[in-house]
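Colleague: structure for this input, please:
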Amino acid sequence: MLKFTKRTEYALMAMREIALLKDGSIISAKEIAERNKIPFELLSKILQNLNRSNIIFSTQGIKGGYKLLKSPEIISLLEIIKAVEPNYQIVECFDDNSTKYECSLLNCCQIRNPVAKLQKEIDKLLNGTTLRHII
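Modeller: Numbers count the residues shown, from 1 in each chain. Reported below is the predicted structural model:
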């Protein structure tokens with residue numbers, strides 16, 4: 001069954017919180033974690049990934065927090081997912097960076113091409129769905 005990982009779910013929840021802020025406002029990781037019942041340590045790592053991917057901006061200090069770097073209308077769900085799940089694929093054999101996955105059927109696999117088409121359609125749907133759609 002296709003489903004989002006907890007990292008992806010938490011990233012989407014956090015991005016929704018950040019997107020709902022009024023212009024110029026920031027929100028702390030602690031506030032996001034408490035409001036959404038997300039483990040703080042995991043959320044902090046997710047927010048770091050989103051920050052490194054230039055989707056959000058972080059401010060340090062006592063009054064620090066996070067805000068969007070771009071409008072919710074142009075941040076796609078695919079962009080968010082890839083920021084927190086760099087090896088995102090629906091099957092492991094599509095991951096060119098994976099050295100741990102070896103399939104003995106790779107050369108004779110009958111479903112690889114149809115599943116690749118499915119991956120492209122899912123990517124297209126996620127790329128066409130923006131943060132605005134979930135707020």
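
Colleague: tell me which residues of the helix or strand hosting residue 49 come out buried.
Modeller: Here residue 49, judged by DSSP states H and E, is contained in helix 40-52. By 16 or more other Cβ atoms under 10 Å, the buried positions in helix 40-52 come out as 43, 46-47, 49-50. Every residue, glycine included, has its C-beta placed from N, CA and C.

Colleague: one more: stretch 126-135?
Modeller: Here stretch 126-135 shows 126, 130-131 as buried, counting by 16+ other Cβ under 10 Å.

Colleague: what residues does that stretch touch?
Modeller: With Cβ atoms under 8 Å, 6 or more residues apart in numbering as the test, stretch 126-135 has contacts from 12, 15-16, 19-20, 68, 71-81.

Colleague: what's the first helix or strand after the top helix by length along the chain?
Modeller: Looking across the chain with DSSP state H, the single longest helix is helix 112-128. Note on helix 112-128: by DSSP H and E, the next helix or strand toward the C-terminus is helix 131-134.

Colleague: where exactly do the strands run in the chain?
Modeller: 56-59, 65-68 (DSSP state E).

Colleague: residue 119 is nearest to which of those?
Modeller: Comparison of the strands of the chain against residue 119 by Cβ to Cβ identifies strand 56-59 as nearest, at 26.6 Å.

Colleague: strands paired with the closest one, and their directions?
Modeller: strand 65-68 (antiparallel) (DSSP bridges).

Colleague: average model confidence for the strand it pairs with?
Modeller: Across strand 65-68, the average pLDDT comes to 96.

Colleague: got the contact list for residue 63?
Modeller: residue 26.

Colleague: measure it to residue 27 for me?
Modeller: 11 Å (Cβ to Cβ, to the nearest Å).
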